[in-house]
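J.: build me a model:
(chains A, B, C and D)
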Protein chains: 2
Amino acid sequence: MQNLSKNQQIIFDLIDKSNEPMKAYAILFNVQKKGIKAPLQVYRALDKLVEIGKIHKIESRNAFIACQNSSCQVSKATAFSICESCEKVTEINNSSLSKYLSNFKDRAGMKYSKYNLEFFGLCKKCITK
Amino acid sequence: MQNLSKNQQIIFDLIDKSNEPMKAYAILFNVQKKGIKAPLQVYRALDKLVEIGKIHKIESRNAFIACQNSSCQVSKATAFSICESCEKVTEINNSSLSKYLSNFKDRAGMKYSKYNLEFFGLCKKCITK
DNA sequence: ATTTAAATTGTTATAATATAACACTCTGTA
DNA sequence: TACAGAGTGTTATATTATAACAATTTAAAT
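T.: Just a heads-up that it's a prediction; the model follows:
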């Protein structure tokens, strides 16, 4: 795989270091000291990083996390668990689930090339609170 | 179940008549002649309608569709197919899928109360184009 | 080395999506 | 009939995302 460009690398490093999903304008604020000044610079890098599978967008949160699955090249089969109390997000890496969903066919005869699944609930820590 | 309020009914009727997902500001434009003038009036009705399961939000599109599943009271287990060419969205009502996902447990020990799944691809019509 | 096309960057402005805050009104019920 | 909860109306503003255009860098093929 080709290397990331300067902006892409800066933004990927930031997201990768974070242990929680980051929103675009939080990213912007953090990288302003590195010379990235405008939203569009952030969104362009995010678009590319999503496209090549280095990060994923958590659609229900409008936020981005680094891919936890080291072998992931393309974001075409993603699943996440989201704690509705502490907002912790974890990428689910479960071969039974991914097999089931990748092979799923509905009666409409649609050809699926991609899916995104988000589970919501309470994480272990938050259940006991 | 209790009846919808005036604004909720107006907005639900509009979405229900539409055969495609509607965006909040498209809804606003359509209901202005009925006296609903401000975005917040729309968003409040949408929030309530989502909460009681009459409509669903398509997260990847920031758009709303009426629930196709007449028995659905609460939006806690939703799945959709989305055509990336014509943007047609269909609610998937498949008991095998919903059973599989409702029973899914990951190793993080999280207790899930809800999920949302979006499949992307090409619908029958668009495949042949 | 030089050309060339594609990707990336920088910049300003603006579009699209969504919520805060506050006051008032309606509705069901105890 | 008063009271609590849900709903409404309104203005302002916050948040998320893209349009348009010009310049620069990069990678690959001559």
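J.: what does chain A put close to DNA strand C?
T.: A:5-8, A:35-41, A:44-45, A:48 (CB under 7 Å from any atom of the strand). (C-beta placed from N, C-alpha, C; glycine too.)
J.: among these, who's most crowded?
T.: residue A:45 (25 neighbours; other CB atoms under 10 Å in any protein chain shown).
J.: tell me the phi and psi of that one?
T.: phi -70, psi -40 (degrees, to the nearest 10).
J.: quick one: furthest residue from the center of chain A?
T.: Relative to the C-alpha centroid of chain A, counting by CA atoms, centre = their mean, residue A:107 is the outermost residue, at 29.4 Å.
J.: pretty sure that one sits in a strand.
T.: No. Residue A:107: not assigned to a strand; according to DSSP: H, G, I helix; E, B strand; the rest coil it is coil.
J.: about what we covered before: so which of the residues of chain A next to DNA strand C are also by DNA strand D?
T.: Among those, the residues lying close to DNA strand D (CB under 7 Å from any atom of the strand) are A:5-6, A:38-40.
J.: between those residues, which sits nearest residue B:59?
T.: Residue B:59 lies nearest to residue A:39 out of those, by CB to CB, at 21.0 Å.
J.: once you drop chain neighbours, what's closest to the closest one?
T.: Spatial nearest neighbour of residue A:39, excluding adjacent residues (CB to CB, 6 or more residues apart in numbering or on different chains): residue A:28 at 6.0 Å.
J.: contacts only, for that neighbour.
T.: Going by CB atoms under 8 Å, 6 or more residues apart in numbering or on different chains, residue A:28 touches A:36, A:38-39, A:42.
J.: that one: which element?
T.: helix A:24-31 (DSSP states H and E).
J.: so residue A:97 sits against residue B:104, correct?
T.: Yes. Between residue A:97 and residue B:104 a contact is recorded at 6.4 Å, counting by CB atoms under 8 Å.
J.: return the distance of the helix or strand of chain A with the lowest mean pLDDT from the chain's centre.
T.: The helix or strand of chain A with the poorest confidence is helix A:124-127; it has a mean of 90 (mean pLDDT, DSSP states H and E). For helix A:124-127, the separation from the chain centroid amounts to 22 Å (computed by CA atoms, centre = their mean, to the nearest Å).
J.: which of the residues in it are buried?
T.: For helix A:124-127, the neighbour count (16 or more other CB atoms under 10 Å in any protein chain shown) marks residue A:126 as buried.
J.: quick one, strands of chain A?
T.: A:55-58, A:63-66, A:77-83, A:89-91, A:111-122 (DSSP state E).
J.: does the second one pack against any helices or strands, and if so which?
T.: If you count contacts as 3 or more CB pairs under 8 Å, 6 or more residues apart in numbering or on different chains; DSSP states H and E, strand A:63-66 packs onto helix A:6-17, helix A:39-51, strand A:55-58, strand A:89-91.
J.: what sits up against the first one?
T.: Put plainly, it is helix A:6-17. Identification of contacts with helix A:6-17 by CB under 8 Å, 6+ apart yields A:3-4, A:22, A:27, A:30-31, A:34, A:36, A:41-42, A:44-46, A:48-49, A:54-55, A:64-66.
J.: before we move on, what about the second one?
T.: Around helix A:39-51, the neighbours that count as contacts under CB under 8 Å, 6+ apart are A:4-5, A:7-8, A:10-12, A:15, A:24-25, A:27-28, A:31, A:36, A:55-57, A:64, A:75.
J.: between that helix and helix A:6-17, how big is the angle?
T.: 70 degrees (axes from the mean of the first three to the mean of the last three CA atoms, to 10 degrees).
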